[in-house]
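Student: here is my input, please return the structure:
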Amino acid sequence: MTAIKIIVTKEFLFLKVLLSLIYIVLELYYACFISQQYDYMRYTFDPGILKYLVTKIVFLLLLGFSWHLYIKSGFLYSVYLLLIFLFYIPNAILYSLGDFPAPPFVSVTFFVSFFLLSPYLKIRLPRVSLPVRYGGAVMLLLSILLLVPIVLKFGTDINLRTLLLSEIYETREVFAARLTGLLNYLYNLEAKTIIPAALAFFLIYRRYLLAGLLALVLLYLFTISGNKFVYFTSIIVIFFFYFGKDHVSKTANFFLLLFILFLVFPVIDIFLPQPLLSGIFVNRLVFIPSLLNQFYFDFFDGNPYFFADSNFFNRFVENPYGMPAGYVIAQAYWNVTDTYANNGIVSDGFMNLGYAGVALFSAIFAFLFGLFNSLNLHKGYYGLFFSYIFLILSVPLMSTFITGGILLFIILAVFVIRGESR
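Tutor: Reported below is the predicted structural model:
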């Protein structure tokens, strides 16, 4: 028993140390590069000692409180660490080193902290899932049915340069102009849920030919759309499927790889015409969602507008700005008219319902992953959960459930792919 406790403690501490090192590296990125190279985006560097100490104390408390998650559920513990990395750390850096206001930082801290309650949100569902052979048929049939209208519309209008992350915006502009009506929903459901879930399903049951074909379908969907989320989804699903024996080790491998990449990015950028990796990649992955979080809190402080931006509620509530909130924010803070400034779950809650919205959306998120934990899905789907978390970071909550495919995945999880974790 003693040996087992030592191993568990080492695993627990290793992830804590690794996440702390990533925190330090990202602070150096912000102080030495992001705040200077991208100051035109309204980043600032004005560190405050008291704020810095507060963010570090809160960080240590968040890490310490995660012990009960680690004991109760490796899945929820892994999700919690991803929340600290994607939500808490960048917002804490902007608050302490950029001297941004406190409300966004406090709200994000509340969002992450509330997730500690997720193990207690247990949902008992009847076992009604299909046998494996029928489940595979359903997943394949859905993949084909949703793919057919997309192929009929776009055919071979592919841009292979997008595979090298070139001409992304040109491809995206052409695709968006042609993606209208019902096809918009079909594409998003296919690319963000059906194909990734089917890819994981067939990998789990070692049907590698079908899995390979679905991976190619995802690449096809990327080459016609230029949607980088679709491109990285296939990589993420496959990475998390193969690297790590359980949820915790998969998360540890991800953080270790990320830490190494953060260290080598500046070296690689020396040989590139512009700081592509240390600048564009790190900025877009880590800091832009947090910067936009600041903008939304600042703009909608005291002026929430009750879901007037959401596809369903905007039929009943008038948008006072005459355009989607993303364009309003981009015009107000970046003085551009052709850019959409995304907002994630925390700023979306604040934009619509103020601080009550932050609390409500935090509870919904914890409930959602409490549901996923209760379903006890195979660990091979962890990459899809990572994609959803990343989607929730920069997409309004209502959109993640509908066009993002989370609601569809819940249905699939309950009736088609549910099973004991292995």
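
Student: report the buried residues of stretch 338-356.
Tutor: 341-354 (16 or more other C-beta atoms under 10 Å). (Each C-beta comes from the backbone N, C-alpha and C, glycine too.)

Student: with stretch 109-118 instead?
Tutor: For stretch 109-118, the neighbour count (16+ other C-beta under 10 Å) marks Thr109, Phe111, Val112, Ser113, Phe114, Phe115, Leu116, Ser118 as buried.

Student: what is the neighbour count of the residue nearest to Tyr23 when sequence neighbours are not counted?
Tutor: What sits nearest to Tyr23 in space, not counting adjacent residues and going by C-beta to C-beta, 6 or more residues apart in numbering, is Ile89, at 5.2 Å. Neighbours of Ile89 under the rule other C-beta atoms under 10 Å: 24.

Student: does Ile89 lie in a helix or a strand, and which?
Tutor: helix 89-97 (DSSP states H and E).

Student: quick one: low-confidence residue ranges for this structure.
Tutor: Residue ranges of the chain with pLDDT under 70: 1-9, 125-130, 165, 311-312, 314, 418-422.

Student: switch the cut-off to 80
Tutor: For the chain, the stretches with pLDDT under 80 are 1-9, 121-133, 160, 163-169, 228, 272-280, 306-317, 418-422.

Student: max-length helix in it?
Tutor: Identified as the longest helix of the chain according to DSSP state H is helix 345-375.

Student: quick check: the residue nearest to Tyr23 touching Leu26?
Tutor: Yes - under the criterion of C-beta atoms under 8 Å, Ile89 makes contact with Leu26 at 6.2 Å.

Student: overlap in contacts, the two.
Tutor: Common neighbours of Ile89 and Leu26, using C-beta atoms under 8 Å, 6 or more residues apart in numbering, are Val286.

Student: those strands in the protein, which residues are they?
Tutor: Assigned strands in the chain: none (criterion: DSSP state E).

Student: what is the nearest of the buried residues of stretch 338-356 to Leu375?
Tutor: Ile345 (20.9 Å; C-beta to C-beta).

Student: what's near enough to touch the closest one?
Tutor: Shown in contact with Ile345 (C-beta under 8 Å, 6+ apart): Phe111, Phe361, Phe365, Ile392, Leu393, Pro396, Leu397, Thr400.

Student: in CSV: these, plus distance to Leu210.
Tutor: Formatted as CSV, those follow (distance: C-beta to C-beta, whole Å):
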residue, distance to Leu210
Phe111, 38
Phe361, 37
Phe365, 32
Ile392, 29
Leu393, 30
Pro396, 33
Leu397, 33
Thr400, 27
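
Student: packing partners of the helix holding Ile89?
Tutor: When contacts are defined as 3 or more C-beta pairs under 8 Å, 6 or more residues apart in numbering; DSSP states H and E, helix 89-97 packs onto helix 2-29, helix 49-65, helix 102-114, helix 288-299.

Student: in CSV, list those along with distance to Phe316.
Tutor: Converted to CSV, the helices and strands packed on helix 89-97 look like this (distance: least, C-beta to C-beta, whole Å):
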stretch, distance to Phe316
helix 2-29, 42
helix 49-65, 38
helix 102-114, 26
helix 288-299, 22
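
Student: most packed of those?
Tutor: Across these, the average number of neighbours (mean count of other C-beta atoms under 10 Å) peaks for helix 288-299, which reaches a mean of 22.

Student: distance from the chain centre to it, please.
Tutor: On the basis of C-alpha atoms, centre = their mean, to the nearest Å, helix 288-299 sits 16 Å off its chain's mean C-alpha point.

Student: what sits against the spatially closest residue to Leu276 that is not a sequence neighbour?
Tutor: Spatial nearest neighbour of Leu276, chain neighbours left out: Asp269 (6.4 Å); criterion: C-beta to C-beta, 6+ apart. Listed by C-beta under 8 Å, 6+ apart, the contact set of Asp269 reads Pro275, Leu276, Leu277, Ser278, Gly279.

Student: look up how far Tyr40 lies from the fourth one.
Tutor: It refers to Ser278. Here the distance between Ser278 and Tyr40 works out to 17 Å (C-beta to C-beta, to the nearest Å).

Student: now the second one
Tutor: For Leu276, the distance to Tyr40 under the criterion C-beta to C-beta works out to 18 Å.

Student: more crowded one of these two?
Tutor: Each of Leu276 and Tyr40 has its neighbours counted (other C-beta under 10 Å); Leu276 has more, 13 against 7.

Student: quick one: the helices in the stretch 201-350 of the chain?
Tutor: With DSSP state H, counting those that start in this stretch as the definition, the stretch 201-350 of the chain shows helices at residue ranges 208-225, 228-242, 247-269, 282, 288-299, 325-334, 345-375.

Student: which neighbouring elements make contact with the second one?
Tutor: Translated: helix 228-242. Partner elements for helix 228-242 (3+ C-beta pairs under 8 Å, 6+ apart): helix 195-204, helix 208-225, helix 247-269, helix 382-394.

Student: as CSV, these with distance to Pro104 would be great.
Tutor: As requested, the helices and strands packed on helix 228-242 are exported to CSV (distance: least, C-beta to C-beta, whole Å):
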stretch, distance to Pro104
helix 195-204, 30
helix 208-225, 31
helix 247-269, 24
helix 382-394, 14
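
Student: of those, which approaches Leu408 most closely?
Tutor: helix 195-204 (8.8 Å).

Student: quick one: contacts of that closest one?
Tutor: Residues from elsewhere that reach helix 195-204 (C-beta under 8 Å, 6+ apart): 135-136, 139-140, 142-143, 208, 210-211, 214-215, 217-218, 221, 233-234, 237-238, 241, 378, 380-381, 383-384, 387, 409, 412, 417.
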